[in-house]
Every structure is written in structure tokens, then in C-alpha cells.
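Asker: need the 3D shape of this:
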Amino acid sequence: MRPRLVPVVLLTLLAAGCGSDAPAADPAPEPTGDLPADTDAARGELAARAALAQDHRYAALYDFDPGDGQGTRSVVATVATDGTWRVDVPGGALGGTTDVSIVQVGDGVYQCAMPSATNPVNPSCVRVAEPNKQLPKEYDPKVQRVFRQWLSVFQDRQAPLSVVAAQPLSNQGPAAQGKCYAVDGISASLKPPVDVGIYCYADNGQLTAARVDFGTLTLVSVAAAPPRIDLPGPISGGEAMGMKSPPPPPPPPAVDPSNGPTSPGAQPQG
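Answerer: Down below sits the predicted model:
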């Protein structure tokens, strides 16, 4: 099971005494049967909460279960007072072997390699997208989309989405309450502009839970936002890390007891 590592940014904020166990949230509605499928009302509510979420500033710790059987990980999402943001995603690159941060500062969106107990690399960052744009698929861990890049889609009443009220997710804890909405596409032949799933928001716009195709996020705790976010490492001129696992290392050379190492497949000299 992958160790649960809480990134330093949230620990620092909580240690400073500005944390809280939960945002101002609605009490979870009682699961008393099927909710009415009032699409227009639910669509308007989701748009309103997404607008609040876009203006909300916070540093929040989430449990993240990607559904890969490797256990729950800790994701930290931070939106600073100046609008810069950062989402720390354990196992977010190279087939789950490397931790990354997706960071937006003034000139663009960056993928930053982050050190962990199993991969003690030096932090470094590569620019992967224009500000407010989605990452290229080959570099995209997807988790950050829930916090920032899909909020504008939820507010667009012309986006091809179907929205209905939903029951709270069964795994929601005390900090992860709020109103929930099931989001789907409107046509089987038209790909939805966001991931189909369930999204839950508190009254202040804080995402409290989400269940989508790449996993389930559940809010654990919230701290006050920092004034700004800086890149956690120097900018590198290299390539960003992909989502696929790296190729295995080449096999070691064969050893001839009489002549020492030889290349694989080499024939001993007679």
C-alpha cells in the first residue's frame, strides 16, 4: 500500500493555527428515497455553487481513492488569495511511481516532479499548458480538473450536460457534507465536456466530495489560503513526465565464468 504523505504546504498552514476541520457546509440531506430529477433546478444550483467555488480560496486535504487496489492517498488542493493554485497528486505520473504537483502561476500551468519516500528526486517543473487551459492528455493526472478546470463548464448553461440532484456519497465523512449533483452527458454520441460522476459542494463553494472515473475524493480538513503560490522547484527545459509506466531497465549482461561479462546472446569463444 502506498504511504499516505501529507504535503508540506498543508502541514505548514495547519501548524500556523489557521486550519479547521470542515468548511461551512450544509447538513447532509437524509437519504429518504429517490430525489426528484428536476434538471433545470439542479443545473442552476450546480452553476451557482461552481461560481462560488471559482472565487473560493483555501488549502484543503482530501482522501483520494483511485480504485487501483493500492489504498487511499492524500491529495492537497490549494487556491491562493491571488488566484494561483496547486494540486499535489501522489502517484500522478509514470504509472503511479512518481508524485507530481500541477501548479498554475501567472504565465501558465506547470507539472512539477515532487520527492517522496520512495522516489527522493529534486523538485523541478515543466510548463505544460497556457493559463486556465487543460493539460495535454499525455501529461494529465486529471485530479486537478475537479478543483479548477471544470468549474467554468459547470457554470456554462449551454454546455451539453445533464444535471440532477444526487444522494450524498456513501463514503462521505463529517467534513465532506454538502449538496451533491449527478452530472452526465446529454447524448451517447457526444462526449461530455467533464467527467461523468457525482460532485458535492458546501454552501461556500468548497468541493466536499467527488466520484468520477479516475477515483473518489473526500474532504478531510481545510486551512486558510496562502497569499500566493510559487513553483516548488526550478523550471526545467526537459520534457514533462507522461502517465505511462517507464520501460523496464535492460537486462544485465550475461557472465562467462572464464572471460567475464559478455553481451546478451554472445557466444563463448572456443
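Asker: helices and strands of the chain: which one bottoms out on pLDDT?
Answerer: Within the chain, no helix or strand scores below strand 19-20, which has a mean of 44 by mean pLDDT, DSSP states H and E.
Asker: tell me what whatever helix or strand comes next after that strand is packed against?
Answerer: Beyond strand 19-20 on the C-terminal side, the first helix or strand identified by DSSP states H and E is helix 39-55. Contact here means 3 or more CB pairs under 8 Å, 6 or more residues apart in numbering; DSSP states H and E; on that basis helix 39-55 packs against helix 151-155, strand 161-166, strand 179-185, strand 197-201. Backbone N, C-alpha and C define where each C-beta goes, glycine included.
Asker: can you rerun that using 10 Å?
Answerer: The helices and strands touching helix 39-55, judged by 3 or more CB pairs under 10 Å, 6 or more residues apart in numbering; DSSP states H and E, are strand 73-79, helix 151-155, strand 161-166, strand 179-185, strand 197-201, strand 207-212.
Asker: turn these into a markdown table, columns for mean neighbour count.
Answerer: Shown next, in a markdown table, are those (neighbours: other CB atoms under 10 Å):
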| stretch | mean neighbour count |
| --- | --- |
| strand 73-79 | 24 |
| helix 151-155 | 19 |
| strand 161-166 | 19 |
| strand 179-185 | 20 |
| strand 197-201 | 24 |
| strand 207-212 | 25 |
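Asker: tell me which of the ones you listed lies nearest to residue 45.
Answerer: Between residue 45 and those, the shortest gap by CB to CB is with strand 179-185, which sits at 6.7 Å.
Asker: Provide the strand pairings for that closest one, with the direction of each partner.
Answerer: Sheet pairing for strand 179-185, assigned by DSSP bridges, gives strand 161-166 (antiparallel), strand 197-201 (antiparallel).
Asker: if I look at residue 158, how far off is residue 237?
Answerer: Separation of residue 158 from residue 237 (CB to CB, to the nearest Å) stands at 40 Å.
Asker: same check on residue 188?
Answerer: Residue 188 is 44 Å from residue 237, by CB to CB.
Asker: same question for residue 119.
Answerer: 21 Å.
Asker: who's more crowded, these two?
Answerer: residue 119 (13 against 7; other CB atoms under 10 Å).
Asker: in contact with that one, which residues?
Answerer: 91, 94, 97, 98, 99, 113 (CB atoms under 10 Å, 6 or more residues apart in numbering).
Asker: restricted to helices, list those.
Answerer: Residues of these located in helices (DSSP state H): none.
Asker: which among those end up buried?
Answerer: Those of the contacts of residue 119 that meet the buried threshold are 91, 94, 98, 99, 113, by 16 or more other CB atoms under 10 Å.
Asker: touching, the last one and residue 100? I think so.
Answerer: The one in question is residue 113. Yes. Counting by CB atoms under 10 Å, residue 100 is a contact partner of residue 113 at 6.2 Å.
Asker: pLDDT below threshold where in the stretch 151-270 of the chain?
Answerer: 170-176, 246-249, 254-270 (pLDDT under 70).
Asker: what's the nearest residue to the spatially most central residue of the chain if we skip its chain neighbours?
Answerer: Centroid-nearest residue in the chain: residue 143, 2.2 Å away (criterion: CA atoms, centre = their mean). For residue 143, ignoring the flanking residues on the chain, the nearest one in space by CB to CB, 6 or more residues apart in numbering is residue 89 at 4.9 Å.
Asker: export the helices and strands packed on helix 39-55 as CSV, with columns for distance to residue 46.
Answerer: CSV is the format used below for the helices and strands packed on helix 39-55 (distance: least, CB to CB, whole Å):
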stretch, distance to residue 46
strand 73-79, 19
helix 151-155, 5
strand 161-166, 5
strand 179-185, 5
strand 197-201, 7
strand 207-212, 12
